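1. Starting from these lines, generate the structure:
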Amino acid sequence: MSKEASLWTFVVLCRSSKIITLVEQESNVNTAPFVHRFQETLNYYTAIFESIDVTLPRNDQQRINVEQHCLARDIVNIIACEGAERVERHEVLGKWRSRFTMAGFTPYPLSSLVNSTIKSLLENYSSKYSLQERDGALFLGWMNRDLVASCAWK
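-> Now for the predicted structure:
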């Protein structure tokens with residue numbers, strides 16, 4: 001399916017919804033050349049693995065399952081696959097924001113109660129986690145790296 005057809009399908013599906021919530025990895029590996037994609041993947045997943053280290057011991061079966069069946073699969077797909085075989089195509093929030101705006105959507109405010117609850121939960125794990133609300137979006141980060149962005153659109 002072409003990018004234009006994908007975008008059209010995206011707009012049609014979104015138009016039938018009242019509110020759209022986007023939660024996306026804050027990493028740019030969709031259209032980047034290989035060297036940039038490799039560096040971005042290395043930096044992003046280094047932060048992911050460091051953040052997991054403070055929450056679960058290395059011999060924890062849950063952690064092993066996530067690392068083997070989710071993270072490893074994603075990393076291999078991003079680095080080793082091209083064209084239609086590469087399905088992991090993370091994009092930063094700025095690109096998504098442009099798409100939503102071009103499709104006629106407007107930002108929808110996030111719940112401050114949910115934000116504060118998430119922030120207090122993160123503090124139980126490590127002070128290296130961060131949760132910031134910027135430009136109508138919520139960013140979950142590890143140290144100085146944004147990992148996940150979340151926003152809502154109407």
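
2. Looking at this protein, which residue reaches furthest from the middle?
-> The centre of the chain is farthest from one residue, residue 59, which by CA atoms, centre = their mean lies 25.9 Å away.

3. Let me know the secondary structure of it.
-> Taking DSSP: H, G, I helix; E, B strand; the rest coil as the rule, one finds residue 59 in the coil state.

4. now it: how far from residue 32?
-> Shown here: residue 59 relative to residue 32, a distance of 35 Å by CB to CB, to the nearest Å. Yep, even glycine has a C-beta here, placed from its N, CA and C like the rest.

5. Okay, the residue farthest from the centre of the chain and residue 139: tell me how far apart.
-> From residue 59 to residue 139 the distance is 31 Å (CB to CB).

6. Next: residue 40.
-> Per CB to CB, residue 40 is found 17 Å from residue 139.

7. before we move on, what about residue 153?
-> 16 Å.

8. With residue 26 instead?
-> 7 Å.

9. This protein: helices as residue ranges?
-> Secondary structure of the chain (DSSP state H): helices at 3-15, 34-53, 61-66, 72-80, 93-102, 112-123.

10. Where among those is average confidence lowest?
-> Of all the helices of the chain, the minimum mean pLDDT falls on helix 3-15 (a mean of 56).

11. Longest strand of the protein, counting residues only.
-> In the chain, taking DSSP state E as the definition, the longest strand is strand 145-153.

12. Quick check: closest non-adjacent residue to the residue nearest the centre of the chain.
-> Central residue of the chain (CA atoms, centre = their mean): residue 25, 1.4 Å from the mean position. Among residues not flanking residue 25 along the chain, residue 90 sits closest, at 4.1 Å (CB to CB, 6 or more residues apart in numbering).

13. Next, give phi and psi for the one you found.
-> Per-residue torsions, residue 90: phi -60, psi 140 (degrees, to the nearest 10).

14. Could you pull out the buried residues of stretch 27-40?
-> Across stretch 27-40, burial judged by 16 or more other CB atoms under 10 Å covers 27-29, 32, 37, 40.

15. Contacts only, for residue 89.
-> 29-30 (CB atoms under 8 Å, 6 or more residues apart in numbering).

16. For residue 105, state which of the buried residues of stretch 27-40 is nearest.
-> Closest approach between these and residue 105, by CB to CB: residue 28, at 21.4 Å.

17. roughly how far apart are the closest residue to that closest one other than its chain neighbours and residue 52?
-> Here the nearest residue to residue 28 in space, its sequence neighbours aside, is residue 92; by CB to CB, 6+ apart that works out to 5.0 Å. Distance check for residue 92 against residue 52: by CB to CB, it reads 22 Å.
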